[in-house]
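**Student:** The amino acid sequence is not available; the structure is as follows:
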């Protein structure tokens, strides 16, 4: 059975990007969605020495399989100093060492949010380029600025224009993966 894989590029237990992914998944009607909470998925910092000594974890192999068997992937990346977090970059490093084509031809909806006015746009741009390098097909990107002002845990995205842009992008993504 086909499914959509969804996760945030953050391993924080209080990730606002995970909140955005969770909300996005709640808007998906009949599709099966596998929502991954990456705070439950610790990966050691990548190094060639560590790879030689320990190889690849079962969790990493399972995560790669989930990506490859999914019909599409939804990711919301967090931003540290205008770049994706070290956790997300580390995850991509591990996945690309395991299989350079880990996301080849996979349809991806890429999002970011942050407390600031730029909404993680720097991390979004860098992550888009990185994922494309590994063969991902970025269907679209969405930035939610000022998370605390524009998102409510019960209502979702409260700014009408941002909510509409998000819904349109999700609709386009769902059309492309069917």
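**Tutor:** On my side now, so go ahead. This structure is a prediction, so every number in the text was calculated from the model and none was measured.

**Student:** quick one: the most far-flung residue of the chain relative to its centre and residue 44, what's the gap?
**Tutor:** Here the chain reaches farthest from its C-alpha mean at residue 53, the gap being 28.9 Å by C-alpha atoms, centre = their mean. Counting by C-beta to C-beta, to the nearest Å, the separation of residue 53 from residue 44 is 11 Å. Quick note: C-beta positions are derived from backbone N, CA and C, even for glycine.

**Student:** Likewise for residue 70?
**Tutor:** To residue 44, residue 70 is 25 Å away according to C-beta to C-beta.

**Student:** Pick out whichever of these two has more residues nearby.
**Tutor:** For the pair residue 70 and residue 44, the greater number of neighbours falls to residue 70 (22 against 11), based on other C-beta atoms under 10 Å.

**Student:** what residues are up against the closest residue to that one other than its chain neighbours?
**Tutor:** In this structure, residue 70 finds its nearest non-sequential neighbour in residue 5, 4.0 Å apart by C-beta to C-beta, 6 or more residues apart in numbering. Counting by C-beta atoms under 8 Å, 6 or more residues apart in numbering, residue 5 touches 33-34, 36, 66-67, 70, 72-74.

**Student:** C-terminal to the helix or strand hosting residue 5, what's the next element?
**Tutor:** For residue 5, the host element (DSSP states H and E) is strand 4-8. Sequence-wise, the next helix or strand downstream of strand 4-8 (DSSP H and E) is helix 16-26.

**Student:** Report the distance from that next one to the chain centre.
**Tutor:** The chain centre lies 10 Å from the centre of helix 16-26; the measure is C-alpha atoms, centre = their mean, to the nearest Å.
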